[in-house]
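Colleague: got a predicted structure here, sequence first:
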Amino acid sequence: MTSKKIVLITLLVLVGICNFFFIAYFFYQNRYLPAPFILDKNDTFMDFFYTLYWSQNDGIYTEWKSIYPPLNFLILDFFYEFFIGDLNGTPFEYRKQSLSKLFGIVVIFASCLLASIKISYGKLVNFKYQLLLFFFFLLSPPFLFALERGNLLILCLPLLSLYILPLNNIYKSLILSLLVNLKPYFLILYIVVFINSKINNENKDFVFLMPIFSLIIFLSTGLILNQEFYLLPFNLFGFSNAGVILSPYNILAFPSSISSFIFLNEIIPDFKISKYLGYALKILLFYFIFKLIQLVLRKKLTMDYLTIIGVVIITNYSITSGGYSLLFYIPILAIFYKNKNYTFLAIISIFFLGIISLIPIYYNIYNAIGMSYFSLGTAEIVQNLTLSTVIYPVANFIVIVMLYNYIKNKGLS
Amino acid sequence: MINFKLKFRELFFTILVGFPIGLTLYYANYIKITYELKLTPGVAVAKEFCNNVSFIKLNLYTLLELDEIINNSMLLNKNYSIKNSDNELIIISVKSEIGQDNIINSDLNIIKENLISFENLKFNKIFKGVVLNCMNNLKLPVYEKHVSELIRVDNPKKRYNNIHLGLLLLSPMIIIYLFIISFKYIKLAQTSND
């Protein structure tokens, strides 16, 4: 690493530290976490505890209509048996009874990030810089927000890093099938390879084995869980209508897709054009996804670039996984660094710069009194949108457009 | 190179190993049923007092208290949950297995006893002493007690439907089949690479 790069990465870590202190200061002043942390300040760690609660109860796929495959619940069941212990009551009571275990949960999530960095950057930079990168990503908005929710998506990071390593197709199939069994949207990574296999014979083992491994894991974990796991596809279809489930503030607090602009109109009714603009941008996004897929059909691409395309589509397409999915860029950045694609590196780094995400751009005139978990009481919560509402989706859209042009103009096979 | 077919001995192995596992899973879940207990909660009722036509009905326990009463009862089956509720009717569902009617009946009596003693206690403490000084200076008690009614619904529900049970029966064979074809594929791929 050159001295310029060392200065740059140290600066980035300092930005992360400033970001963290600003959040702490805001909390000290207002007794709740600032936007773009999700609007319901009482939901801290609840992605984790809702899932943990259901891992111990019947009705995962019938009552809760879960979109998580059985593997998630088995991991949490293991966690419950060997780490958390006997809990009872509602998911909120689970959280209350696990107060002493929260630090352990944070450590496990942080370890996943560390493992991901070790795997992805281990051969690119030395340990000192890996540690700096760890702190940079640890203090970044996507990680802090995923951590605040206790989102299991963080567990996918080491697996995604492993998937990007130059392993043989059998191991890659196994790793991706685990990923798909954690978060079904990783199926997009397979679909991209599948489409490319029409002109690229190198991945035919992967194309054959990955669905078989996935099915084996899905059925085995479903049998062990012994709940109505076959309803998962129907639940996934229902959840795709995210506007019904998530509030516009929650969608727009920390988005990664320009499709989310459709919901701007519900927050700012006077800004009527936003709905049409949102639909126009969505069409534009789908156009570029379609063009990228066309390229995948026509051009023989390396596994690295097929993975990049898959991750870029996942983050751009989904409004339900929100800004957390930007974490998947952590292993992807390693590929760009390795290939010296510094423009991509610079644009994607924007997602991890905290300060940008904290600058408010819109205030709701109606504030709400709500519970704030960290302050153990109520607080007058100001509903606002920050720069992240605009910058992240737009920057992510720029990534997809640039990627399309880059792959179109270069021979990557 | 892709071969989805099984040889006879592979098919035999799949059925030999997978079918008994599937059958065990099928039976273990086929006998799982859910009993339902219908509970009309005990209430304190006040009506037509002091010439005013009024009607007040207050439950003698909250859902949380009910949950606590059930949890603290010495029951043989501990898998009770309050399934759905309104003020008039509460359904308590009990996970059980075929042939455990006696256990459910015995538990039902214990719950009933504990509920009634709880509501007696609460009624005497809060509602019994409430009197109104009206109607020619007669002191009339305002509330009367209606005790809880708890009955067992006669037809227990099967916990899993036929799709679920069928999947349990077939899944072990499907898993073994998938293992065999992937193993054969990997072996063949490695041989051709060598």
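Modeller: Okay, I see it. Numbering: from 1, shown residues only, chains lettered A, B, ... in the order given.
Colleague: how about residue 58: what's its closest non-neighbour residue?
Modeller: This is for chain A. Sequence neighbours aside, residue A:227 is the residue nearest to residue A:58 in space, at 6.6 Å (criterion: C-beta to C-beta, 6 or more residues apart in numbering or on different chains). For glycine as for every other residue, the C-beta is placed from the backbone atoms N, C-alpha and C.
Colleague: looking at chain B here, not the other one
Modeller: Residue B:58 sits nearest to residue B:44 (C-beta to C-beta, 6+ apart), 4.9 Å away.
Colleague: what helix or strand does the residue nearest to residue A:58 sit in?
Modeller: Assigned by DSSP states H and E, residue A:227 belongs to neither a helix nor a strand.
Colleague: how about it, phi and psi?
Modeller: Main-chain torsions, residue A:227, degrees, to the nearest 10: phi -130, psi 180.
Colleague: contact partners for it?
Modeller: A:58-62, A:70, A:73 (C-beta atoms under 8 Å, 6 or more residues apart in numbering or on different chains).
Colleague: so what's the residue count around the residue nearest to residue B:58?
Modeller: Residues near residue B:44, counting by other C-beta atoms under 10 Å in any protein chain shown, number 21.
Colleague: if I look at residue A:199, how far off is residue A:407?
Modeller: Using C-beta to C-beta, to the nearest Å, residue A:199 is found at 14 Å from residue A:407.
Colleague: repeat for residue A:317
Modeller: Relative to residue A:407, and taking C-beta to C-beta, residue A:317 is found at 18 Å.
Colleague: so where's the stretch 301-413 of chain A uncertain?
Modeller: The stretch 301-413 of chain A contains residues with pLDDT under 70 at A:321, A:365-367, A:411-413.
Colleague: ok, which stretches of it are strands?
Modeller: Listed in chain order, the strands of the stretch 301-413 of chain A (DSSP state E, counting those that start in this stretch) span A:360-363, A:368-372, A:377-381, A:384-386.
Colleague: what about the shortest one, distance to the chain center?
Modeller: I take that to be strand A:384-386. The chain centre lies 20 Å from the centre of strand A:384-386; the measure is C-alpha atoms, centre = their mean, to the nearest Å.
Colleague: list the strands paired with that strand, with their directions.
Modeller: Sheet partners assigned to strand A:384-386 using DSSP bridges are listed as strand A:360-363 (antiparallel).
Colleague: again, but for the second one
Modeller: For strand A:368-372, the paired strands and their directions (DSSP bridges) read strand A:377-381 (antiparallel).
Colleague: what does the strand it pairs with contact?
Modeller: Outside strand A:377-381, the residues touching it (C-beta under 8 Å, 6+ apart) are A:30-32, A:39, A:41, A:367-372.
Colleague: okay, these in CSV with distance to residue A:302 next?
Modeller: Formatted as CSV, the contacts of strand A:377-381 follow (distance: C-beta to C-beta, whole Å):
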residue, distance to residue A:302
A:30, 48
A:31, 50
A:32, 46
A:39, 42
A:41, 44
A:367, 51
A:368, 50
A:369, 54
A:370, 49
A:371, 50
A:372, 48
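Colleague: of those, closest to residue B:119?
Modeller: Using C-beta to C-beta, residue A:371 comes nearest to residue B:119 of the contacts of strand A:377-381, at 32.8 Å.
Colleague: count of neighbours near the closest one?
Modeller: By other C-beta under 10 Å, the burial measure for residue A:371, its neighbour count, is 17.
Colleague: continuing past the worst-scoring helix or strand of chain B on mean pLDDT, what's the next helix or strand?
Modeller: None of the helices or strands of chain B scores lower by mean pLDDT, DSSP states H and E than strand B:138-141, at a mean of 62. The helix or strand immediately downstream of strand B:138-141 is strand B:144-146, counting by DSSP H and E.
Colleague: list the strands paired with that following strand, with their directions.
Modeller: Assessed with DSSP bridges, strand B:144-146 is paired to strand B:43-47 (antiparallel).
Colleague: nearest spatial neighbour of residue A:164, skipping sequence neighbours?
Modeller: residue A:331 (5.0 Å).
Colleague: how close does residue A:97 sit to chain B?
Modeller: Shown here: residue A:97 relative to chain B, a distance of 15 Å by C-beta to the nearest C-beta, to the nearest Å.
Colleague: pLDDT weak spots in chain B?
Modeller: Across chain B (using pLDDT under 70), the flagged ranges come out as B:1, B:48-54, B:84-87, B:132-141, B:194.
Colleague: how about the residues of it near chain A?
Modeller: B:2, B:25, B:29, B:95, B:160, B:163-164, B:167-168, B:171-172, B:174-175, B:178-179, B:181-182, B:185-186, B:189 (C-beta under 8 Å from any C-beta of the partner chain).
Colleague: now the buried members of these.
Modeller: B:25, B:29, B:160, B:164, B:167-168, B:171-172, B:174-175, B:178, B:181-182, B:185-186, B:189 (16 or more other C-beta atoms under 10 Å in any protein chain shown).
Colleague: helices of the stretch 101-250 of chain A, start to end?
Modeller: According to DSSP state H, counting those that start in this stretch, the stretch 101-250 of chain A carries its helices in the segments A:102-121, A:127-138, A:141-149, A:156-164, A:169-182, A:187-196, A:204-225, A:232-239, A:242-245, A:248-253.
Colleague: which of the ones you listed has the lowest mean pLDDT?
Modeller: Mean pLDDT across the helices of the stretch 101-250 of chain A is lowest at helix A:242-245; the value there is a mean of 52.
Colleague: any chance of the helices of the stretch 101-250 of chain A in JSON lines, plus mean neighbour count?
Modeller: Converted to JSON lines, the helices of the stretch 101-250 of chain A look like this (neighbours: other C-beta atoms under 10 Å in any protein chain shown):
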{"stretch": "helix A:102-121", "mean neighbour count": "18"}
{"stretch": "helix A:127-138", "mean neighbour count": "18"}
{"stretch": "helix A:141-149", "mean neighbour count": "23"}
{"stretch": "helix A:156-164", "mean neighbour count": "23"}
{"stretch": "helix A:169-182", "mean neighbour count": "22"}
{"stretch": "helix A:187-196", "mean neighbour count": "21"}
{"stretch": "helix A:204-225", "mean neighbour count": "20"}
{"stretch": "helix A:232-239", "mean neighbour count": "14"}
{"stretch": "helix A:242-245", "mean neighbour count": "13"}
{"stretch": "helix A:248-253", "mean neighbour count": "22"}
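Colleague: do you know which of those helices lies nearest residue B:116?
Modeller: Of all those, helix A:204-225 sits nearest to residue B:116, with 39.3 Å by C-beta to C-beta.
Colleague: does anything pack onto that closest one? Which helices or strands?
Modeller: Packing partners of helix A:204-225 (3 or more C-beta pairs under 8 Å, 6 or more residues apart in numbering or on different chains; DSSP states H and E): helix A:70-79, helix A:169-182, helix A:187-196, helix B:162-193.
Colleague: tell me the spacing between the closest residue to residue A:263 other than its chain neighbours and chain B.
Modeller: Distances taken as C-beta to C-beta, 6+ apart put residue A:248 closest to residue A:263, at 4.0 Å, once the chain neighbours are dropped. The gap separating residue A:248 from chain B is 31 Å, by C-beta to the nearest C-beta.
Colleague: thought residue A:248 was touching residue A:266?
Modeller: Yes - between residue A:248 and residue A:266 a contact is recorded at 4.2 Å, counting by C-beta atoms under 8 Å.
Colleague: how about the most centrally placed residue in chain B: what's its closest non-neighbour residue?
Modeller: By C-alpha atoms, centre = their mean, chain B has its centre lying nearest to residue B:93, at 2.8 Å. Nearest non-adjacent residue to residue B:93, counting by C-beta to C-beta, 6+ apart: residue B:83, 4.2 Å away.
Colleague: for the one you found, helix, strand, or coil?
Modeller: strand (DSSP: H, G, I helix; E, B strand; the rest coil).
Colleague: separation between residue A:380 and residue A:361?
Modeller: Noted for residue A:380: a distance of 20 Å to residue A:361, by C-beta to C-beta.
Colleague: does chain B have contacts with the helix or strand hosting residue A:53?
Modeller: For residue A:53, the element it lies in under DSSP H and E is helix A:46-55. No - applying C-beta under 8 Å from any C-beta, one finds helix A:46-55 separated from chain B by no less than 13.0 Å.
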